[in-house]
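Asks: Pasting a predicted model and its sequence here:
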Amino acid sequence: MRVVPIGDKVVVKRMTREEKTSGGIVLPGAAQEKSQEGRVLSVGDGRLLADGTRAAVQVSEGDRVVLSPWAGTEIKVADEELLIVSEEDILAVLD
Amino acid sequence: MRVVPIGDKVVVKRMTREEKTSGGIVLPGAAQEKSQEGRVLSVGDGRLLADGTRAAVQVSEGDRVVLSPWAGTEIKVADEELLIVSEEDILAVLD
Amino acid sequence: MRVVPIGDKVVVKRMTREEKTSGGIVLPGAAQEKSQEGRVLSVGDGRLLADGTRAAVQVSEGDRVVLSPWAGTEIKVADEELLIVSEEDILAVLD
Amino acid sequence: MRVVPIGDKVVVKRMTREEKTSGGIVLPGAAQEKSQEGRVLSVGDGRLLADGTRAAVQVSEGDRVVLSPWAGTEIKVADEELLIVSEEDILAVLD
Amino acid sequence: MRVVPIGDKVVVKRMTREEKTSGGIVLPGAAQEKSQEGRVLSVGDGRLLADGTRAAVQVSEGDRVVLSPWAGTEIKVADEELLIVSEEDILAVLD
Amino acid sequence: MRVVPIGDKVVVKRMTREEKTSGGIVLPGAAQEKSQEGRVLSVGDGRLLADGTRAAVQVSEGDRVVLSPWAGTEIKVADEELLIVSEEDILAVLD
Amino acid sequence: MRVVPIGDKVVVKRMTREEKTSGGIVLPGAAQEKSQEGRVLSVGDGRLLADGTRAAVQVSEGDRVVLSPWAGTEIKVADEELLIVSEEDILAVLD
């Protein structure tokens, strides 16, 4: 089953500690319980602009991204935990 | 009786646990009491833009959708419980 | 005496329980004291847009509408209780 | 002395209970202490738009209007109590 | 020393009780400690618009104005108490 | 070392009591601990507008300005205390 | 591993006290625990504008910048502590 995000939403799979190489992201302090790093699974067709067109999302499927702490809504699809965030909650891409 | 949503509103029928196949959405933790998954029954003609035109809603009748937790207004029409949400409370389509 | 709403305002007459056919709207839980269903009596000439024109209100006189709970200002005109709401507090039309 | 409102401001003289004919407005419940009905004395030249022009105020001198409860600033000019409200605090015109 | 306000700011000299003729403004109730009436000493070149131009301030030097209660910043220049307000805190002109 | 402000920011050096001539600004009451008067050291290239251009800052290097109370961020550069404020926190120029 | 910021985000490496020459920035009072000075490592392609284009970020890689206190999200990449801030949290460049 595919989860196709709407508008500026992005579906992300959080990376577990094991999946992260030594270069992985760690958020010091309180935000550490959940990894703030994830892999983009799918992106919406972008934020609605004043003239009705859409601004393409700046990350793409497969990107490894850094998320704002506590961002997004967690969902479980066929026993897989996913996170749906807004584009503005994505801080950077790790490449 | 048809419920025709206004502007960026969307009428959704929540999917009960039984209706959901194994691929259904489950929201871990507190949000679990109500299913966050639903079927679109009807959509409004979209959000009003600065120039007076409207941006078509990005989901269509029959789509299976994932909703933000606690979103929308519940109504009961001829004993059927429906939910009226704003487009921005729809996170993704499941296909 | 006619009540002519201004801008995006809409005058609505709440439908009492008796007036509602079996298909009427019921809001489960706390919002139930007041019926969330009403009949449109008159509409303003619409919300002001950035260029000074107005976007016509999406409901018309005589429409049967579903309202957000607790929306609008109640007034009494010649012993008749009316409700003045903003267009965005109207969720849907029942037809 | 004339009170000339600025921008989207409107000067209103509250109608006392006696002045109101049987068709007068009564606000049920708490808002009842002050009459929510008034007569427009003068209007500003309208709300400033993005391009620097102004959108004319939708009510005119002499109109009998319904006000949002608790709106505006009360002033006393030569012993006469007046109310200065913003246009968006005017709900409707009674004609 | 001249106080030249910036943008949509306006420098106002509060009118004391004595200066006010019988037609002066009195704010009933709590707001009465400070006079809500003043004389405009100087105006800024107006609010910045989306296209970078400015919308001229709607009051002029010498105007007698009515202010929102508690608006603006009080300053003392060469022992003279002045008030710097934003244009939108000016409700009306008395003429 | 030069401090070059970004966008609509302005670097201001607060004027101490001694530096102020008799015409200096005094803020009555609580705001008095810190002088609300300062000298502009440098200005950013202005606030970003909707079309991507910038609106030039309305004050210039050397201007003597009046600031909103409690505005800006204090920094210390090479033992000199400076204040970085947004343009909208500057109320007026003294000339 | 490179951290590529999105949109108006900027990756900054905080300067430790030792790294700062005598000209470094010190924030008096509470904000002093963390240095408010940093070096820009990388910038996003800028804030999204109404027409879908982007306004280039006003700082560049290598710039020495002054930050608003408590701004941004701290991350640790391969044992290096970095800060991801929004452009508007950068107050000035030191040159």
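Replies: It's in. Residues are numbered from 1 along each chain as shown, chains lettered A, B, ... in the order given.

Asks: ok, and the closest non-adjacent residue to the residue most central in space within chain A?
Replies: Against the mean C-alpha coordinate of chain A, by CA atoms, centre = their mean, the closest residue is residue A:12 at 3.8 Å. Spatial nearest neighbour of residue A:12, excluding adjacent residues (CB to CB, 6 or more residues apart in numbering or on different chains): residue A:38 at 3.9 Å. (C-beta placed from N, C-alpha, C; glycine too.)

Asks: What helix or strand is the one you found located in?
Replies: Here residue A:38 sits within strand A:37-43, counting by DSSP states H and E.

Asks: chain center to that strand: distance?
Replies: Centroid separation for strand A:37-43 versus its chain: 5 Å, with CA atoms, centre = their mean, to the nearest Å.

Asks: counting contacts, what elements does it pack onto?
Replies: Packing partners of strand A:37-43 (3 or more CB pairs under 8 Å, 6 or more residues apart in numbering or on different chains; DSSP states H and E): strand A:3-5, strand A:9-14, strand A:64-67.

Asks: quick check: angle from it to strand A:9-14?
Replies: 140 degrees (axes from the mean of the first three to the mean of the last three CA atoms, to 10 degrees).

Asks: Check which helices and strands whatever helix or strand comes next after strand A:37-43 is in contact with.
Replies: Per DSSP H and E, the first helix or strand lying C-terminal to strand A:37-43 is strand A:47-48. Secondary-structure packing of strand A:47-48 (3+ CB pairs under 8 Å, 6+ apart): strand A:54-55.

Asks: ok so, going back, list the buried residues of the strand holding residue A:38.
Replies: A:37-38, A:40-43 (16 or more other CB atoms under 10 Å in any protein chain shown).

Asks: which ones are touching the residue nearest to the centre of chain A?
Replies: Counting by CB atoms under 8 Å, 6 or more residues apart in numbering or on different chains, residue A:12 touches A:38-41, A:65, A:67, A:72, A:82-85.

Asks: Same list, those residues, but as CSV with pLDDT please.
Replies: Shown next, in CSV, are those (pLDDT from 0 to 100):
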residue, pLDDT
A:38, 95
A:39, 97
A:40, 98
A:41, 97
A:65, 96
A:67, 95
A:72, 93
A:82, 95
A:83, 96
A:84, 97
A:85, 97
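
Asks: need those residues in a markdown table with distance to residue A:91, can you?
Replies: Below are the contacts of residue A:12 laid out as a markdown table (distance: CB to CB, whole Å):
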| residue | distance to residue A:91 |
| --- | --- |
| A:38 | 11 |
| A:39 | 15 |
| A:40 | 13 |
| A:41 | 18 |
| A:65 | 8 |
| A:67 | 7 |
| A:72 | 13 |
| A:82 | 19 |
| A:83 | 14 |
| A:84 | 17 |
| A:85 | 11 |
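
Asks: re the thing from before, so how far is residue A:83 from the residue nearest to residue A:12?
Replies: 7 Å (CB to CB, to the nearest Å).

Asks: Quick check: the residue nearest to residue A:12 touching residue A:65?
Replies: Yes: counting by CB atoms under 8 Å, residue A:38 does reach residue A:65; the two are 5.8 Å apart.

Asks: and the nearest residue to residue A:56 once chain neighbours are set aside, how many residues sit next to it?
Replies: The shortest distance from residue A:56 to any non-neighbouring residue, by CB to CB, 6+ apart, is to residue A:46 (4.8 Å). Here the count is done by other CB atoms under 10 Å in any protein chain shown, and residue A:46 has 18 residues near it.

Asks: what pLDDT does residue A:46 get?
Replies: With respect to pLDDT, residue A:46 scores 96.
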